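**Student:** okay, sequence plus prediction incoming.
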Amino acid sequence: MSEAEPSVVVLGAGHAGGSAAAFLRQYGFAGPIVLVGEEGVAPYQRPPLSKAWLKGEAGEDELMLKDESWYAENGCRLLLGVTGDSIDRAGKTVRLSNGETVPYDFLILATGARARKLPIPGADLNGVLELRTTVDAEALKAALGPGKRLAVIGGGYVGLEAAASARKLGSEVVILEREARCLARVACEPLSTFFQDYHRKHGVEFELAAGVEAFEGEGGHITGVRLTGGRVIPCDAALVGVGAMPNDEIAREAGLPCENGIVVDLEARTADPAIFAIGDVTWRPLPLYDRPFRLESVPNALEQAKQAASAIAGRPQPNPEVPWFWSDQYDLKLQIAGLPFDADSIVVRGDPDGAKFAIFHLKGDLVQAVEAVNAPPEFMMGKQLIAARRPIARDRLADPTVSMKEVAA
Amino acid sequence: MAKITYIEHDGTEHVVDVKPGMSVMEGAIKNNIPGIDADCGGACACATCHVYVDEAWRGKTGTPSAMEESMLDFAENVEPNSRLSCQIKVSDELDGLTVRMPESQH
């Protein structure tokens, strides 16, 4: 018999973990794979939960990364409803919540992030919701429809997408935001203003600079959200979308270096050469921006899944990618490339009133990031300009009659 | 079921049955066929599911929307028969379809 193939254990069966298993097989890795997932379902796509799926435009099947039969057919043992309890790095084993101790040659941590909770009274009332999983999404969907009122706490992307979908389903929606504008932490002021105006046009109310003091309820169910100052915003359900925290505890307890997430290198490797970490849980290098960061996105999950699978399967590493994100709200397609680190100015190209424009974040004459609304050329070319670190002429960039190909030429 | 042939850039062929209603992209992802990345899961937001549609099938696969054309216009190695496979819906009509993958999706 030939030497035994190495074995891989993947902790976390989200988009990152599921994709890592799939890429390992694509890359010819033949050893056993154990894929351990906390949720009761095989790996699926989360982005549609606040968009197409919530609006009823995509079914359960379309969410799944693979049919459930794929895992067994491809030598991948899928353990659902199970979490990792601890890692024995010296013995190379993982103890699982089902009592099993599983040996590994390579371990991939893909434990993701969890929704941040609001530590305020009433947070355990029925109808106080979050949105990470299909179970969360089912509960949210059940709370939407004509005659129902949803309070969204946090005007970030998840909150805005859920608000747009809720309006489509006939709900009344009010967004409660602690800062003076929505998307305050992730977007520039002109983009925030545009999205607020667009949501208002679609009937969404905003309470800005609004501190949330408590959830009020009756008979165990939420009836409203009390703001600082005492005013109560009535609602039938509240969606809390105030950010996420990395599930990095198991790595910390195993002595692996962590910052805001598990520290990894450009091969998605942790400080232990036998342990990788991928997806939302990682604190990863960003070569284009010369700093580490935690990215919460599907493209990041896929990129790092490829890095880890390539390292394990002995393949050359994929080329580094420009981080990117997207969001669908109403008839708007927002595409973002890059991160606006160190930007010293912005250039708006196109017409926000016509809902077709892009905002470029520049550092000198280099594009650091672009936020494009219904503007694919600006997104696609912007992404290429960010990767190439090629200086552009600001006046040409600002002039929509000069095509993006000419701007980049 | 529609039989679809996916040909990787290096010539490796994958012939799979795809359920009508799914996209050509989903058929590749569900069957773990290398060469189609589909970062955005079919939202027409990323152009990482680029394929070349075999000449004989260009009529039956329809014409790209303005959004798709606009994305393709900035993808790499685009040809007249380039499509984003997330925008091609599989039907019985497409039984026998062949698509080829570009060298890279990024």
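**Tutor:** Done, it's in.
**Student:** burial of residue A:185, as a residue count?
**Tutor:** A total of 10 residues lie near residue A:185 under the criterion other CB atoms under 10 Å in any protein chain shown. Any C-beta I mention is one placed from the backbone N, CA and C, and that applies to glycine too.
**Student:** go ahead and confirm it touches residue A:156.
**Tutor:** Yes: the pair residue A:185 / residue A:156 is scored as a contact, 7.2 Å apart, by CB atoms under 8 Å.
**Student:** which strands and helices lie in contact with the lengthiest helix in chain A?
**Tutor:** The longest helix of chain A (DSSP state H) is helix A:298-313. For helix A:298-313, the elements it packs on are helix A:15-26, strand A:275-277, strand A:282-286, judged by 3 or more CB pairs under 8 Å, 6 or more residues apart in numbering or on different chains; DSSP states H and E.
**Student:** mean confidence score for that helix?
**Tutor:** Averaging pLDDT along helix A:298-313 gives 97.
**Student:** ok, stretch A:46-59 next?
**Tutor:** Stretch A:46-59 shows a mean pLDDT of 91.
**Student:** buried set for it?
**Tutor:** Going by neighbour count (16 or more other CB atoms under 10 Å in any protein chain shown), the buried part of stretch A:46-59 is A:46, A:47, A:48, A:49, A:50, A:51, A:52, A:53, A:54, A:55, A:58.
**Student:** stretch A:180-200 now?
**Tutor:** Buried residues in stretch A:180-200, defined by neighbour count with 16+ other CB under 10 Å: A:181-184, A:186-188, A:191-192, A:194-196, A:198-199.
**Student:** hmm, who's touching it?
**Tutor:** Contact with stretch A:180-200 is made by A:155-157, A:159-160, A:163-164, A:175, A:177, A:179, A:206, A:208-209, A:243, A:329-330, A:332, A:340, A:346, A:348, A:352, A:355, A:357, A:359, A:361, A:371, A:373, as judged by CB atoms under 8 Å, 6 or more residues apart in numbering or on different chains.
**Student:** so which of those sit within helices?
**Tutor:** A:157, A:159, A:160, A:163, A:164.
**Student:** between those, which is closest to residue B:91?
**Tutor:** Nearest to residue B:91, judged by CB to CB, of the ones in helices among the contacts of stretch A:180-200 is residue A:164 at 30.1 Å.
**Student:** and residue 75, what does it touch?
**Tutor:** Using chain A here. With contacts defined as CB under 8 Å, 6+ apart, residue A:75 is in contact with A:25, A:30, A:32, A:33.
**Student:** wrong chain, I was asking about chain B
**Tutor:** Residue B:75 touches A:380, B:47, B:50, B:82, counting by CB under 8 Å, 6+ apart.
**Student:** restrict the buried residues of stretch A:46-59 to those near chain B?
**Tutor:** Contacts with chain B within these, as defined by CB under 8 Å from any CB of the partner chain: A:47, A:48, A:51, A:52.
**Student:** where do the helices sit along chain A?
**Tutor:** A:15-26, A:60-63, A:68-73, A:134-142, A:157-168, A:189-201, A:249-253, A:298-313, A:376-388, A:394-397, A:404-408.
**Student:** confidence score at whichever residue of chain A sits closest to chain B?
**Tutor:** Minimum separation of chain A from chain B (CB to the nearest CB) falls at residue A:380, amounting to 3.3 Å. pLDDT, residue A:380: 95.
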